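# Build the 3D model from these lines:
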Amino acid sequence: MVAAEDIDSFYAKQELRPELLKAAAAFRAQYAWQGQRSVNKPRFPYFGRDILAKAVAALLAGANLLLVGPKAVGKNILADNLAWLLGRPAWNVSFHIDVDAAYLIGMDTFREGAVCFRPGPVYECVTAGGICILDEINMARNEALAVLHSLLDHRRQLEVPGYDRLCLHPAARFIGTMNYGYEGTRELNEALLSRFVVLNLPVPGAQELRELLTYEFADLRIEAADTLAALFLDLRTKYEAREISGRAVDLRGLLDAVRLVRQGLTAEEALAMGLTGKCFDVQELALVKDLLALRVPPDWGRKELFVE
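Modelled structure (predicted):
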């Protein structure tokens, strides 16, 4: 069971309302997890107090939550944080065009010469009372998602042909994530969309980026954190103006670059591996390199970024 003191410590900077933390603790106590699947502490807190508070309130109210926003706004980080706050294990279902109803719910298979039912990730999650994270939900075919309609509405159950009726555990919750306007995505149909409450995640600002960087790298110099945050915001501005693609707007790549500097690479070398190396168009590559050169001196190394 997740200890309340760990939760309070982890979210100290967010200053979540005491009544929300108390309600989350009551949920964890009421539905204490005792299964074999681990309840994982997230790699990072979600830095955004208001969004985190709204998301926790939605799940405590029993709603299904749809997290919407462009890349690098922390949709999956927020989903992982919500699962930990509620003390439930998470099942991640990544959607693509080939995901079908049989994969989600389960299918017949042979075992020891007999036909038996092999449960899918959604079946396993909702019977155990976990948090089912439907990642990139708008990349799935609508007909594949239609099988979930009765699970996502007031019925909270599903008829599995040839087997028992699937009923949701009272602690089970669904969290969908989606980018919009990406290749391979599609509009969610109204029937599915009506089964979620929607939370549009804002683009992280300089303060959130600084908090993330200094959380991950406790010995990172404040001025270095400010410079890296400004660089990332510059890249996002160019991306939103459609001057570059989203390849270099990669928060994971920025964090990887900082780790590479810690290992002895220069900032120029590390950022080339973490960010600019992902740009394959010559003009885009040149523009991204110019942005980096304006913000980060190429000879910056470990002593410029970290407190020795």
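# now the farthest one out in the protein, which residue is it?
What lies farthest from the middle of the chain is residue 113; by Cα atoms, centre = their mean that is 40.5 Å.
# so who does that residue touch?
If a contact means Cβ atoms under 8 Å, 6 or more residues apart in numbering, then residue 113 has no contacts. C-beta here means a position set from N, CA and C on the backbone, and glycine is covered the same way.
# can you pull the pLDDT of it?
We have a pLDDT of 71 for residue 113.
# quick one: it and residue 42, what's the gap?
43 Å (Cβ to Cβ, to the nearest Å).
# ok, now residue 259?
For residue 259 relative to residue 42 (Cβ to Cβ), the value is 18 Å.
# Looking at those two, which one has more neighbours?
residue 42 (18 against 14; other Cβ atoms under 10 Å).
# Tell me, how many residues neighbour the nearest residue to the more buried one once chain neighbours are set aside?
Excluding the flanking residues, the one nearest residue 42 by Cβ to Cβ, 6 or more residues apart in numbering is residue 80, at 4.1 Å. Per other Cβ under 10 Å, the neighbour tally for residue 80 reads 22.
# OK, contacts around residue 80?
40, 42-43, 90.
# so where's the stretch 1-150 of the chain shaky on pLDDT?
1-4, 108, 110, 115, 117 (pLDDT under 70).
# any idea where the helices of it begin and end?
Taking DSSP state H, counting those that start in this stretch as the test, the helices found in the stretch 1-150 of the chain are 4-10, 18-30, 49-60, 75-85, 101-105, 121-128, 142-145, 149-152.
# Just the CA coordinates for the longest one, please, in CSV.
Extracted in CSV, the C-alpha atoms of helix 18-30 (Å, rounded to 0.1, in the frame of the first residue of the first chain):
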residue,chain,number,x,y,z
PRO,A,18,-5.6,18.8,1.8
GLU,A,19,-9.1,17.5,1.1
LEU,A,20,-7.9,16.0,-2.2
LEU,A,21,-5.0,14.3,-0.5
LYS,A,22,-7.3,13.1,2.2
ALA,A,23,-9.8,11.7,-0.3
ALA,A,24,-7.1,9.9,-2.2
ALA,A,25,-5.8,8.4,1.0
ALA,A,26,-9.3,7.2,1.8
PHE,A,27,-9.6,5.6,-1.7
ARG,A,28,-6.3,3.8,-1.2
ALA,A,29,-7.5,2.5,2.2
GLN,A,30,-10.8,1.4,0.9
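# who does the longest helix anywhere in the chain touch, helix- and strand-wise?
Taking DSSP state H as the criterion, the chain has its longest helix at helix 222-240. Counting contacts by 3 or more Cβ pairs under 8 Å, 6 or more residues apart in numbering; DSSP states H and E, helix 222-240 is packed against helix 206-216, helix 251-262, helix 282-295.
# would you turn those into JSON lines with mean pLDDT and distance to residue 8?
Shown next, in JSON lines, are the helices and strands packed on helix 222-240 (pLDDT from 0 to 100; distance: least, Cβ to Cβ, whole Å):
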{"stretch": "helix 206-216", "mean pLDDT": "94", "distance to residue 8": "16"}
{"stretch": "helix 251-262", "mean pLDDT": "95", "distance to residue 8": "26"}
{"stretch": "helix 282-295", "mean pLDDT": "93", "distance to residue 8": "36"}
